[in-house]
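Student: Sequence plus predicted model, see below.
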Amino acid sequence: MSKGEGRSRKKCLAYVAAFIVFQTAIILVFALTVMKIKSPKVRFNAMVVESFSSNNNTATSINMKLLAQLTIKNTNFGHFKYDESTLVILHNGMPLGEALIPRGRTKARKTQRFNINVDVSTDRVSGSNLENDVNSGILRLTSQAKLNGKVHLMKIIKKKKSGEMNCDWNVNLGSRQVENLRCN
């Protein structure tokens, strides 16, 4: 064996080793960025009171129809396919209204927006907190929803994830406006 053949083999092994290190680095970067699956974010973007009525016989009897814009933000590199879910409007933990969130799909790295109508009625709930809120002119409400589904990456990997929404807001009974909408 000549000296030239030994150097060629060493050079070839060095190239193969460099290629393996380079490929490992690419796979590692890919695994840490693209393959990291996060839960989608579900939020109210805006909300308005479409109709409002109150019964004069009882001070706490209020009926409203809310139009809310719901957003689902998918930050993953695969689409999020979610099941049908329920949005609940609460006052101090007591349900005042519900709305159905239809099943759907949010594309990869996109934000999906759609409107939901919610009928809210205080007839089913009574208590001093509700009376105090109505008498103060500010009705404090919260909403909760949980979207269960799967994130699909490259049509091969499917990972179960769920997006949860918890929002607080106030309804000004005098102006019939939604105020201080905060979601976390």
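Tutor: Done, it's in.

Student: what's the following helix or strand after whichever strand or helix holds G6?
Tutor: The secondary structure element spanning G6 is helix 3-33 (assigned by DSSP states H and E). Under the assignment DSSP H and E, the closest C-terminal helix or strand after helix 3-33 is strand 41-54.

Student: So the protein: which segments form each domain?
Tutor: With automatic domain parsing serving as the domain definition, the record reports that the chain contains domains spanning 1-33, 41-183.

Student: Of those domains, which shows the lowest average pLDDT?
Tutor: When the domains of the chain are compared by mean pLDDT, domain 1-33 comes last with a mean of 87.

Student: ok so, going back, what would the domains of the chain look like in JSON lines with mean neighbour count?
Tutor: C-beta coordinates here come from the backbone N, C-alpha and C atoms, glycine included. Shown next, in JSON lines, are these (neighbours: other C-beta atoms under 10 Å):
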{"stretch": "domain 1-33", "mean neighbour count": "10"}
{"stretch": "domain 41-183", "mean neighbour count": "16"}
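
Student: could you measure the residue positioned nearest the centre of the chain against K36, distance?
Tutor: Closest to where the C-alpha atoms of the chain average out (C-alpha atoms, centre = their mean) is V42, at 1.5 Å. From V42 over to K36 the distance is 19 Å, taken as C-beta to C-beta, to the nearest Å.

Student: And for N74?
Tutor: On the measure of C-beta to C-beta, N74 and K36 end up 13 Å apart.
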